[in-house]
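[1] Need a 3D model of the following:
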Amino acid sequence: MEFSVARQFFYQEIHQTDEQICLERAALYLAMEEYPDLDVEAYLNALDVMATEVEERLPIEPYPLRILQTINRYLYEDLGFKGNADDYYNPCNSFLNNVIDQRTGIPITLSLIYLAIAKRVGFPMVGIGMPGHFLIRPNVGEMEIFVDAFHQGEILFPQDCMDRLAQLFGQPVEIQPAFLQAVTPHQFLARMLSNLKIIYLNQGVFQKALAAIERILLLFPSAPVELRDRGILYYHLNRFAEARQDLEDYLDLMPAAPDAPIIRNLIEKIMRN
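    Numbering: from 1, shown residues only. As a prediction, this is how the structure comes out:
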């Protein structure tokens with residue numbers, strides 16, 4: 001398969017160790033497929049400038065909470081970043097260049113800007129892949145506090161996180177350690193792409209949904225659900241040979257999946273074409 005320039009850059013970025021992957025660079029390469037003329041270095045420089053301005057504002061005694069307060073004041077009061085609650089499912093919210101330009105986004109892209117600034121000022125933080133709502137956490141000692149970049153950098157404790165989940169799902173949620181675990185760079189990027197995939201599927205923009213799935217499979221080549229979904233998209237796009245291959249691969253990986261009979265029927269339908 002011949003990749004676009006943007007996808008080649010993305011592929012090269014993710015095929016490094018976790019420590020070497022630059023999340024914000026990889027995210028800009030994702031955006032570059034939508035905006036081929038995007039100047040990646042210009043946006044990385046914009047993040048550098050933000051970090052420099054935060055550094056100039058840091059207190060003499062850089063305690064963790066004071067650093068978070070400084071970043072919060074700068075991002076949300078000085079620059080006016082905010083969560084895009086009014087147009088949450090606009091795909092622009094998933095493209096880092098747009099979020100930097102418009103100063104509005106969804107939890108994961110606002111978290112990425114926060115992480116990028118924190119990294120540059122020497123304050124390590126990690127992404128937390130809580131179901132339904134992305135958070136970040138200082139990676140300092142045993143600190144059990146979380147930051148909600150979508151809600152003006154609000155500081156949360158574990159029980160606050162569960163309360164937020166309960167609000168999202170409309171019912172009490174039992175706390176599970178996995179909900180508050182740090183994500184890897186690959187998991188972070190896959191979550192960004194999954195957001196785009198769902199948005200484009202709901203909009204019926206199948207080619208763009210397919211592009212999102214293809215990049216998820218660069219991150220996780222044997223992800224069964226992505227193989228299945230790509231196969232179904234191939235089917236709708238009349239790419240029957242590719243559809244059959246993906247669906248058969250899905251069944252090889254998940255022979256007892258609840259939807260296995262449906263997928264087998266679809267394969268039989270393809271074979272009759």
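[2] And the helices in the stretch 1-150 of the chain?
    5-14, 23-34, 40-57, 64-72, 96-102, 107-120 (DSSP state H, counting those that start in this stretch).
[3] so which of these gets nearest Ala241?
    Closest approach to Ala241 among the helices of the stretch 1-150 of the chain (CB to CB): helix 5-14, 22.0 Å. For glycine as for every other residue, the C-beta is placed from the backbone atoms N, C-alpha and C.
[4] Any buried residues in the closest one, and which?
    6-7, 9-10, 13-14 (16 or more other CB atoms under 10 Å).
[5] Show me what that helix packs onto, helices and strands only.
    helix 23-34, helix 185-203, helix 206-219 (3 or more CB pairs under 8 Å, 6 or more residues apart in numbering; DSSP states H and E).
[6] could you dump those to TSV with mean neighbour count?
    Output for these, formatted as TSV (neighbours: other CB atoms under 10 Å):
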stretch	mean neighbour count
helix 23-34	22
helix 185-203	19
helix 206-219	20
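[7] so which of those helices gets nearest Ile106?
    Minimum separation from Ile106 across the helices and strands packed on helix 5-14 (CB to CB) falls at helix 185-203, 7.0 Å.
[8] Identify the residues contacting the helix or strand where Ile263 lies?
    Using DSSP states H and E, Ile263 maps to helix 260-272. By CB atoms under 8 Å, 6 or more residues apart in numbering, the surrounding residues in contact with helix 260-272 are 228, 231-232, 235, 240, 243-244, 247-248, 250-251, 254, 257.
[9] Check stretch 222-236 too.
    If you take CB under 8 Å, 6+ apart as the criterion, stretch 222-236 is touched by 197, 206, 209-210, 213-214, 216-217, 220, 240, 242-247, 249-250, 253-254, 257, 259, 263, 266, 270.
[10] do stretch 61-80 as well
    Applying CB under 8 Å, 6+ apart, the external contacts of stretch 61-80 come out as 50, 53-54, 57-59, 81-82, 103, 113-114, 117-118, 121, 123, 138, 140, 143, 145, 147, 152-153, 155.
[11] For ChimeraX, write the select line for the buried members of those.
    Here is the ChimeraX command that picks out the buried ones among the contacts of stretch 61-80, judged by 16+ other CB under 10 Å:
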select :50,54,58,81,82,103,113,114,117,118,121,123,138,147,153
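[12] Relative to His186, how far out is the closest residue in space to Tyr250 that isn't next to it in sequence?
    Using CB to CB, 6 or more residues apart in numbering and skipping residues adjacent in sequence, the residue nearest Tyr250 is Arg228, 4.2 Å away. Plainly put, Arg228 is 20 Å away from His186 if you go by CB to CB, to the nearest Å.
[13] Any stretches of the stretch 1-150 of the chain with poor pLDDT?
    Applying pLDDT under 70 to the stretch 1-150 of the chain picks out residues 1-2.
[14] For the residue nearest the centre of the chain, list the residues it contacts.
    The residue lying closest to the centre of the chain (CA atoms, centre = their mean) is Met192, at 2.3 Å. Neighbour list for Met192: 27, 30, 94, 108-109 [criterion: CB under 8 Å, 6+ apart].
[15] change it to 10 Å
    Neighbour list for Met192: 23, 26-27, 30-31, 94-96, 106, 108-109, 112, 134, 212, 215-216 [criterion: CB atoms under 10 Å, 6 or more residues apart in numbering].
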